[in-house]
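*Asks:* Got a sequence here, can you build the structure:
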Amino acid sequence: MEPILNVEKVEKYFGNKSSITKAIDNIGFTVQKGEFIGVMGASGSGKTTLLNCISTIDTVTTGHIFINGQDITSLKSKHLEKFRINELGFIFQDFNLLDTLTAYENIALALTIKGERANKIDQFIKEVAAKLEITDVLNKYPYQMSGGQKQRVASARAIVTKPSLILADEPTGALDSKSARLLLESFEKLNRELQATILMVTHDAFTASYAHRILFIKDGTIFNEIIRGDRSRKDFFNRIIEVVSLLGGDVSDVL
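*Replies:* Numbers count the residues shown, from 1 in each chain. Take a look at the predicted model:
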């Protein structure tokens, strides 16, 4: 079966001839449909640059990235917007909700932009709201919601269009521990019940322990990879900490 995401020999350079920085160094990996992948690494390791290239926010210097068989590195700017709308869902650390719209309207906007039929929008919103347990905040504005509620609304907005790949950038970074746990449990539920494919960048070992596979990035390359398998989340968390210690420096550099 063709993977949802295929990253092939990707490199990314910044700067000019007098000062060049290689942010990504010959990275390659695949993500199958229904996987929940975590990407970890210290600040400056290249993980955010990698996410930006996969999300089409940035372009690669060399190599190719395929999403659902489409080589996004060859897409021209006029086609990228349509590709993002149809194939990608985004969850940001700072929620990125529109303050003048209710939760319902924020989620509906994603469907409207995609061109979904009006008679389907209400059904889709209510279905995803029920799964993320945000039905009771659909008529509230962002300022009336907790951080955890806002992030679950943002997650609903990302998943409601049924994208091929959901990209989450430090999704628990602005949340307290309880809200973070509820959000991550929601991710697990979306992954399990809807077969949502999630690629999540995080500094946090607790957050990463909810994923099924972790890629560790160091100096722009994949340093290690671990798979949760039959491990409990607690055992997987401890394994993550072990690998983090091998990355060098203090654990706090990554966590």
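*Asks:* Going by neighbour count, list what's buried in the lowest-mean-pLDDT helix or strand in the chain.
*Replies:* In the chain, no helix or strand scores lower on mean pLDDT, DSSP states H and E than helix 77-87, which sits at a mean of 88. The neighbour-count check on helix 77-87 (16 or more other Cβ atoms under 10 Å) flags 83-84, 87 as buried. C-beta coordinates here come from the backbone N, C-alpha and C atoms, glycine included.
*Asks:* Which elements pack onto that helix?
*Replies:* Applying 3 or more Cβ pairs under 8 Å, 6 or more residues apart in numbering; DSSP states H and E, one finds that helix 77-87 makes contact with helix 103-114.
*Asks:* what comes into contact with the helix it packs on?
*Replies:* Helix 103-114 is contacted from outside by 85-86, 97-98, 101, 120-121, 124-125, 128-129, 134, 137-142, 145, 149, 153-154, 156-158, 160-161, using Cβ atoms under 8 Å, 6 or more residues apart in numbering.
*Asks:* Could you pick out which of those residues are located in helices?
*Replies:* Among the contacts of helix 103-114, the members found in helices (DSSP state H) are 85-86, 120-121, 124-125, 128-129, 149, 153-154, 156-158.
*Asks:* all helices for the chain, in order.
*Replies:* Under DSSP H, the chain gives helices at 47-54, 77-87, 103-114, 118-132, 147-159, 177-194, 205-208, 233-246.
*Asks:* Pick the most buried one from those.
*Replies:* When the helices of the chain are scored by mean count of other Cβ atoms under 10 Å, the highest mean neighbour count falls to helix 147-159 (a mean of 25).
*Asks:* now do the same end-to-end measure for stretch 195-215.
*Replies:* 20 Å (Cα to Cα, to the nearest Å).
*Asks:* cool, and stretch 167-176?
*Replies:* Stretch 167-176: ends 21 Å apart by Cα to Cα.
*Asks:* buried ones in it?
*Replies:* Buried-residue list, stretch 167-176, by 16+ other Cβ under 10 Å: 167-175.
*Asks:* Please report how far Met200 lies from Tyr141.
*Replies:* In this structure, Met200 and Tyr141 are 27 Å apart, going by Cβ to Cβ, to the nearest Å.
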